[in-house]
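J.: Sequence and predicted structure, then a few things I'm wondering about:
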Amino acid sequence: MNPSIQNALQQLNTLILGKETVMQQLLACVLAGGHVLLEDVPGVGKTTLAHGVAAVLGLNYRRVQFTNDMLPSDLLGINIYRPDEGKFEFHPGPVFHSFLLADEINRASPKLQSALLEAMEEKQVSVDGKTYRLPRPFLVVATQNPVEQLGTFPLPESQLDRFMMRLSMGYPSEEAEKRLYLEGDKRQTLSAVKAVCNAETLVKWQQQVAEVKCSPAAAEYVFRLVQATRQPGRFVTGLSPRAGLAVIAAAKAWAFIQGRAHILPDDVKAVWVPVAAHRLQSVQQQHSSRQILEGLLNHVAVS
């Protein structure tokens, strides 16, 4: 494993106790150039984790608290008229940061949620007919409360598909929670987090991830998994080819973290559920999408 990446994981594991796998999955998503949706109940450390990731990667960070009265211009920016110069001047919004934390994204109206689509997909925004490029790298980490809570709007399917992974930390283990009570709020230690890289280094790592080899056997395995989601009786609709590409990209990043230049079936298994689950709706009321996807890993043969 790259020493800098190992250092990053060690620092993150001191912020959020007992969630090593989630840390690696989130970092894999970042290295693959994807966006992350953190879905959990309030108070389990979603915002602290996002802030810690931005700090350890040395990225320009901005947190935006989404509310139901926010306008697209509050996020993208606005043109302001300068009478002394006789022209409009564009004032960029919070989206013009390398690391955007969209806190409680499902509290915003669908109009604002859709305004984020172009930024996530095209790495650019359009304001008053003019297009502006976003910084590179550009990463959105969005937090989301369960949709059954008051004042929330479900994310449209088109936007869910723009998130490479949906992760959930869940409640801490008994040991980790007791340790948290003894040591205090981990947000106090954010200032001690030291960056292991910067934006330029992260872009280089992302390029190296893209060069990780995917063998025909690995591509065949992903194809079989994707095809299995399209079988009748499991999901309303199966995974698209774009979802399959996301699985490959995430698996490459997972292999890169492990220090390998090629994908193994275990790399695919490590990212399969967080990449696929939020893109699917189960038709079996007694089983969630996550449960069915985990079952497919046991039934789909490895080439």
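T.: Alright, I've got the coordinates.
J.: Surely Ile16 touches His51?
T.: No - Ile16 is not in contact with His51 according to Cβ atoms under 8 Å; the separation is 11.0 Å. Any C-beta I mention is one placed from the backbone N, CA and C, and that applies to glycine too.
J.: Find the residues that touch each one of these two.
T.: Counting by Cβ atoms under 8 Å, 6 or more residues apart in numbering, Ile16 and His51 have no common neighbour.
J.: Show me the helices in this protein, by range?
T.: 3-15, 20-31, 46-56, 72-76, 110-122, 157-160, 174-183, 199-210, 216-229, 241-257, 265-276, 289-299 (DSSP state H).
J.: what's near enough to touch Ile80?
T.: Per Cβ under 8 Å, 6+ apart, neighbours of Ile80: Phe88, Glu89, Phe90, His91.
J.: any idea how far the third one is from Leu155?
T.: Right, Phe90. Distance, Phe90 to Leu155, using Cβ to Cβ, to the nearest Å: 28 Å.
J.: ok, those two, which is more surrounded?
T.: Leu155 (24 against 14; other Cβ atoms under 10 Å).
J.: Buried residues in stretch 92-107, which are they?
T.: For stretch 92-107, a neighbour-count test (16 or more other Cβ atoms under 10 Å) marks 93, 95-107 as buried.
J.: One more: stretch 178-186?
T.: Residues Leu180, Lys186 are the ones in stretch 178-186 that count as buried (16+ other Cβ under 10 Å).
J.: Stretch 204-223 now?
T.: Trp205, Gln206, Val209, Val212, Cys214, Ala218, Tyr221, Val222.
J.: Can I get that stretch in PDB, CA atoms only?
T.: Provided in PDB are the C-alpha atoms of stretch 204-223 (Å, rounded to 0.1, in the frame of the first residue of the first chain):
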ATOM      1  CA  LYS A 204      -1.900  11.900 -10.400                       C
ATOM      2  CA  TRP A 205      -3.200   9.100  -8.100                       C
ATOM      3  CA  GLN A 206      -6.500   9.200 -10.000                       C
ATOM      4  CA  GLN A 207      -4.600   8.800 -13.300                       C
ATOM      5  CA  GLN A 208      -2.700   5.900 -11.900                       C
ATOM      6  CA  VAL A 209      -5.900   4.300 -10.800                       C
ATOM      7  CA  ALA A 210      -7.300   4.600 -14.300                       C
ATOM      8  CA  GLU A 211      -4.300   2.700 -15.600                       C
ATOM      9  CA  VAL A 212      -4.900  -0.300 -13.300                       C
ATOM     10  CA  LYS A 213      -5.500  -3.400 -15.500                       C
ATOM     11  CA  CYS A 214      -8.900  -5.000 -15.900                       C
ATOM     12  CA  SER A 215      -8.500  -8.500 -17.300                       C
ATOM     13  CA  PRO A 216     -11.100 -10.100 -19.600                       C
ATOM     14  CA  ALA A 217     -11.900 -12.500 -16.600                       C
ATOM     15  CA  ALA A 218     -12.600  -9.500 -14.300                       C
ATOM     16  CA  ALA A 219     -14.700  -7.800 -16.900                       C
ATOM     17  CA  GLU A 220     -16.600 -11.100 -17.400                       C
ATOM     18  CA  TYR A 221     -17.300 -11.400 -13.600                       C
ATOM     19  CA  VAL A 222     -18.600  -7.800 -13.500                       C
ATOM     20  CA  PHE A 223     -20.800  -8.500 -16.500                       C
END
